[in-house]
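Trainee: Pasting the sequence and the predicted model now:
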Amino acid sequence: MTTKPLVELAKTIRSKNAGVDQITFDIVFRDRETYELVKRSRALSPEVVARLYSIPPERITAFVEFDPALAIKFTIRRERPSGSPGERDVFGAQQYAPLFDVPIPIE
Amino acid sequence: MNILSPTGHLGFTPIERGSFEIGVTRRPDAIVADSGSCDIGPQPLGADEHCSPEEWQRHDLELMLLAARRLGVPMIVGSASDAGTDRGVNQYAEIVRELARRHRLAPFNLATIFSEVSRDEVARRLRSGVRIEGLDGRADLTPAVLARTDRLVAVMGVEPIIQALGQGADVVIAGRSGDSCLFAAPAIRAGFPEASAYYLGKVLECASFAAEPFMGKESILGTVTADAVSVTAMHPGQRCTVASVASHAMYERASPFFEHVAGGVLDMTHCRYEQVDERTTRVSGFAFRRDAVYRIKLEGSGKVGERAVSIAGIRDPYTIRHIDAVIGWARSKVEERWGEPGTRYQLYYHVYGRDGVMGSSEPRRAVPGHELCVVVEAVAPRWEDAEVVCALGTRNLFYARLPEVRGTAGTAALMMDEVLRGKPGYEWTVNHVMPLADPLELTSVKLEVVGR
């Protein structure tokens, strides 16, 4: 099976606060064909995300496919609220990088 | 009705004048911006400080005020001065008065809306049995958590802003507000359906972030009709496309389908997006449902302690392989004198080059870089204690005892043998919703005449 890393298929891969307790991730594709390919492959799923980020599945509070924006989107509950002592990313803006390497079967 | 949105956070970085002036030539019916966010962390609310320089805040307010008065249309600014506290509202109102004097503006009505809520008021409601429900998986608010909270704001809905406009306000400076409500308020007051009005707010609240290519602080113009909203980029190099507008629906939100505001929810599940010209996208198919019980969001922040920070570097590959043992040693030396971390102190090691950004979620933490930056963060009720804990926790990185270490003259590079004083550490203690009998019961509107 041939695979491509997600970073080569997506137009945008980003993370950002969704309120003070959650970080939301957006993976946006350039065209419907690529979006549908990734969606169909099930290579991105709550289980995959939980494994990738070493978090219990309960911390994933939403996982949706958003057709109008050609986007796959999920949301994670933070360990502690944004900006608390000991916290690492006030805006949640650099949490997306591990998604780059997720292998997507392309045929 | 047309509304001009020049910035997603007034004052955070200055509004770009070019696209704003183009927007003004389209003769909008209102100029609206929010000036705050909970994104910036809990410190500005807890300490009641602004995080944007006043010079930039004045710049943005001046641009909006002069244009709005020239056109004779309302100017609405919410979440004044970053956290939307009473201090922020008073600060912005004073800037508006100064600007009116300096530019010798003809008299106009300035409304200030306050939405800070005292801890005593919330405590009283808790005692009377009101359930203050936690958001995003939080437990309901308890007296103990409230006691750790220094300052609270209620995130107002459209009602106080509609009230101010109804009293003849030309300029509204509001405390903490729902971003979309600032734009929805004038549209609802003008008779447009709630669904269209809130969608207008939702799409305009971050200004040019709803357009492409990516640019900040550029203006966009929204047009609302009974069943659709059109949005147009004002910067000549930007376009509002189906992709950029749809994509914005999910920005900073857990769900792209629902936007919760005080009193109800905007449902975007069945939105239809059409490109109507090169720079304009039209959206329809949204719905708005009112909640059975009107609930308002409360945000609260409490001080955890004074915060000290220091920085150490590590280059020895053997030490890097044993970095957890090194940190373990430093922690144990702190614990010898200070006991287990808890109420007396907190101590954190951020290991950049391994997992400083992602912590235990870092998939590559087993393969650290060839050098590490360790940021040591200590928090304690008194600054003197935070400083000592931080120094102890850093210097012992230098003295770590490892069985086979070759470098026996020090196991860390100290960029400077110094502890830096950070702003105090705060925590978001309150992210809850509280039921209200009357949407106006927590806010107060003051009206005054300003100008020549």
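Mentor: Noted; the coordinates are in hand.
Trainee: Just give the nearest non-adjacent residue to the residue of chain A found nearest chain B, would you?
Mentor: Going by C-beta to the nearest C-beta, chain B is nearest to A:Gly83 of chain A, at 2.9 Å. (Each C-beta comes from the backbone N, C-alpha and C, glycine too.) Counting by C-beta to C-beta, 6 or more residues apart in numbering or on different chains, the nearest residue to A:Gly83 once its immediate chain neighbours are dropped is B:Gly41, at 2.9 Å.
Trainee: Does the one you found belong to a helix, a strand or coil?
Mentor: In three-state terms, and counting by DSSP: H, G, I helix; E, B strand; the rest coil, B:Gly41 is coil.
Trainee: what's the burial count for it?
Mentor: The criterion is other C-beta atoms under 10 Å in any protein chain shown. On that basis, B:Gly41 has 25 neighbouring residues.
Trainee: Also B:Lys297?
Mentor: As a burial measure, the neighbour count of B:Lys297 was computed by other C-beta under 10 Å and equals 22.
Trainee: on that earlier part again, so is the residue of chain A closest to chain B in a helix, a strand, or just coil?
Mentor: Put simply, A:Gly83 is coil when judged by three-state DSSP.
Trainee: Toward the C-terminus, what is the element adjacent to the helix ranked longest in chain A?
Mentor: Among the elements of type helix in chain A, defined by DSSP state H, the one spanning the most residues is helix A:32-41. Per DSSP states H and E, helix A:32-41 leads on to helix A:46-52 as the next helix or strand towards the C-terminus.
Trainee: How is chain B partitioned into domains?
Mentor: Following automatic domain parsing, chain B resolves into domains at B:2-115+B:156-294+B:436-450, B:304-429.
Trainee: Tell me which residue of chain A is furthest from the middle?
Mentor: Computed with C-alpha atoms, centre = their mean, the residue of chain A farthest from its C-alpha average is A:Pro85, at 25.5 Å.
Trainee: ok, it touching B:Leu347?
Mentor: No: between A:Pro85 and B:Leu347 there is no contact under C-beta atoms under 8 Å: 9.6 Å.
Trainee: overlap in contacts of the two?
Mentor: Taking C-beta atoms under 8 Å, 6 or more residues apart in numbering or on different chains as the contact criterion, the common neighbours of A:Pro85 and B:Leu347 are B:377, B:379.
Trainee: Could I get the contacting residues of whichever residue of the stretch 1-150 of chain B sits closest to chain A?
Mentor: Among residues of the stretch 1-150 of chain B, the one nearest chain A by C-beta to the nearest C-beta turns out to be B:Gly41. It sits 2.9 Å away. Contacts for B:Gly41 (C-beta under 8 Å, 6+ apart) come out as A:82-83, A:90, B:426.
Trainee: list the contacts for B:Arg125?
Mentor: Applying C-beta under 8 Å, 6+ apart to B:Arg125 gives the contacts B:132, B:434.
Trainee: quick one: it is in a helix?
Mentor: Yes: for B:Arg125, which was evaluated using three-state DSSP, the result is membership in a helix.
Trainee: coming back round to it: quickly note the distance from the closest residue to the residue farthest from the centre of chain A other than its chain neighbours to B:Ser301.
Mentor: Counting by C-beta to C-beta, 6+ apart, the nearest residue to A:Pro85 once its immediate chain neighbours are dropped is B:Gly425, at 3.9 Å. Shown here: B:Gly425 relative to B:Ser301, a distance of 11 Å by C-beta to C-beta, to the nearest Å.
Trainee: ditto for B:Leu141
Mentor: According to C-beta to C-beta, B:Leu141 and B:Ser301 sit 14 Å apart.
Trainee: Looking only at neighbour counts, state which of the two leads.
Mentor: Just comparing B:Leu141 and B:Ser301: by other C-beta under 10 Å the higher neighbour count belongs to B:Ser301, 29 against 26.
Trainee: Neighbours of residue 69, how many?
Mentor: By default, I'm working from chain A. A:Ala69 sits with 25 neighbouring residues when counted by other C-beta under 10 Å.
Trainee: nope, chain B
Mentor: Residues near B:Arg69, counting by other C-beta under 10 Å: 19.
Trainee: Would it be right to say that it lies in a helix?
Mentor: Yes: residue state for B:Arg69 (three-state DSSP) corresponds to a helix.
Trainee: In the sheet, which strands lie alongside the helix or strand where B:Val32 lies, parallel or antiparallel?
Mentor: Element membership of B:Val32 [criterion: DSSP H and E] is strand B:30-36. Under the criterion DSSP bridges, strand B:30-36 sits next to strand B:2-5 (parallel), strand B:75-82 (parallel) in its sheet.
Trainee: For chain B, which segments count as helices?
Mentor: Assigned by DSSP H, chain B shows helices spanning B:17-25, B:43-47, B:54-71, B:86-102, B:119-127, B:143-147, B:159-166, B:179-189, B:194-204, B:242-249, B:317-321, B:323-338, B:383-398.
Trainee: Same list, those helices, but as JSON lines with mean pLDDT please.
Mentor: Compiled in JSON lines, these are given as follows (pLDDT from 0 to 100):
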{"stretch": "helix B:17-25", "mean pLDDT": "98"}
{"stretch": "helix B:43-47", "mean pLDDT": "97"}
{"stretch": "helix B:54-71", "mean pLDDT": "98"}
{"stretch": "helix B:86-102", "mean pLDDT": "98"}
{"stretch": "helix B:119-127", "mean pLDDT": "98"}
{"stretch": "helix B:143-147", "mean pLDDT": "98"}
{"stretch": "helix B:159-166", "mean pLDDT": "98"}
{"stretch": "helix B:179-189", "mean pLDDT": "98"}
{"stretch": "helix B:194-204", "mean pLDDT": "97"}
{"stretch": "helix B:242-249", "mean pLDDT": "92"}
{"stretch": "helix B:317-321", "mean pLDDT": "95"}
{"stretch": "helix B:323-338", "mean pLDDT": "97"}
{"stretch": "helix B:383-398", "mean pLDDT": "96"}
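Trainee: quick revisit: any residues in contact with both of B:Gly425 and B:Ser301?
Mentor: Common contacts of B:Gly425 and B:Ser301 (C-beta under 8 Å, 6+ apart): B:Gln43.
Trainee: how about the spatially most central residue of chain A, what does it touch?
Mentor: The structure's chain A has its C-alpha centroid closest to A:Phe25; by C-alpha atoms, centre = their mean the separation is 4.4 Å. For A:Phe25, the contacting residues are A:13-15, A:73-76, A:95-96, A:99, taking C-beta under 8 Å, 6+ apart as the criterion.
Trainee: Could you rerun that using 7 Å?
Mentor: Contact criterion C-beta atoms under 7 Å, 6 or more residues apart in numbering or on different chains gives A:15, A:73-74, A:96, A:99 as the residues in contact with A:Phe25.
Trainee: List, out of the residues you listed, those positioned next to chain B.
Mentor: On the criterion C-beta under 7 Å from any C-beta of the partner chain, A:Lys73 are the entries of the contacts of A:Phe25 that sit beside chain B.
Trainee: Weed out the non-buried ones from the contacts of A:Phe25.
Mentor: Burial of the contacts of A:Phe25 was assessed by neighbour count (16 or more other C-beta atoms under 10 Å in any protein chain shown); the buried members are A:15, A:73-74, A:96, A:99.
Trainee: Now secondary structure and distance to B:Trp56 too, for those, in CSV please.
Mentor: Conversion of the buried ones among the contacts of A:Phe25 to CSV gives the following (DSSP: H, G, I helix; E, B strand; the rest coil; distance: C-beta to C-beta, whole Å):
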residue, secondary structure, distance to B:Trp56
A:Ser15, strand, 27
A:Lys73, strand, 32
A:Phe74, strand, 35
A:Tyr96, coil, 29
A:Leu99, helix, 34
